[in-house]
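K.L.:
sequence plus predicted model, see below.
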Amino acid sequence: MTAPVVTGIGVVAPNGVGVADYWAATLRGESGIARITRFDPAGYSAQLAGQVDVDAAAALPSRLLPQTDHMTRLALLAADEALADAGAELGDGFRAGVVTAASGGGFEFGQRELENLWRRGGAYVSAYQSFAWFYAVNT
């Protein structure tokens, strides 16, 4: 029987990006829950959320930005954190396993593209819509 081995941890959370920042904020009792700022929540009964706002353009290749949803960018940042924490050098990348914990994602990308479809027509929908909306794309 084989057992899983955790070699690195990557954290991208509302109260800290990176293990050190996240853990320090957690020890201080900072929850990361605040009023929603990614859109105007005035018309909704729930106006609080745990948001992660990072400059993905500074950390990811520019070619990935138009292809990915906000959640996927966060997953990529967390994967980078975990690999760095592990001191891993992937080489060809075919000797690695991935475990993710997500039950949804891609909503922001999908919503934007569906709005383009209905307002402007199919010619204005990104080809990346075919996979960017799907939460498992993060794996």
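P.N.:
It's in.
K.L.:
can we go C-alpha only for contacts and neighbour counts from here?
P.N.:
Fine.
K.L.:
so, low pLDDT: which residues of the chain?
P.N.:
93, 95-104, 135, 139 (pLDDT under 70).
K.L.:
list the contacts for the spatially most central residue of it?
P.N.:
For the chain, the residue nearest the mean C-alpha position is Leu74 (2.4 Å; C-alpha atoms, centre = their mean). Leu74 makes contact with Val12, Ala56 under the criterion C-alpha atoms under 8 Å, 6 or more residues apart in numbering.
K.L.:
any idea how far it is from Asp40?
P.N.:
Here Leu74 is placed at a distance of 22 Å from Asp40 (C-alpha to C-alpha, to the nearest Å).
K.L.:
which residues in the chain form strands?
P.N.:
In the chain, strands defined by DSSP state E lie at 12-13, 16-17, 33-35, 48-50, listed in chain order.
K.L.:
can you list the ones you listed in CSV and add distance to Ala84 and mean neighbour count?
P.N.:
As requested, the strands of the chain are exported to CSV (distance: least, C-alpha to C-alpha, whole Å; neighbours: other C-alpha atoms under 10 Å):
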stretch, distance to Ala84, mean neighbour count
strand 12-13, 14, 20
strand 16-17, 13, 20
strand 33-35, 27, 13
strand 48-50, 25, 13
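K.L.:
export those to TSV and tack on distance to Val5?
P.N.:
Output for those, formatted as TSV (distance: least, C-alpha to C-alpha, whole Å):
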stretch	distance to Val5
strand 12-13	21
strand 16-17	23
strand 33-35	31
strand 48-50	29
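K.L.:
out of those strands, which gets nearest to Val6?
P.N.:
strand 12-13 (17.1 Å; C-alpha to C-alpha).
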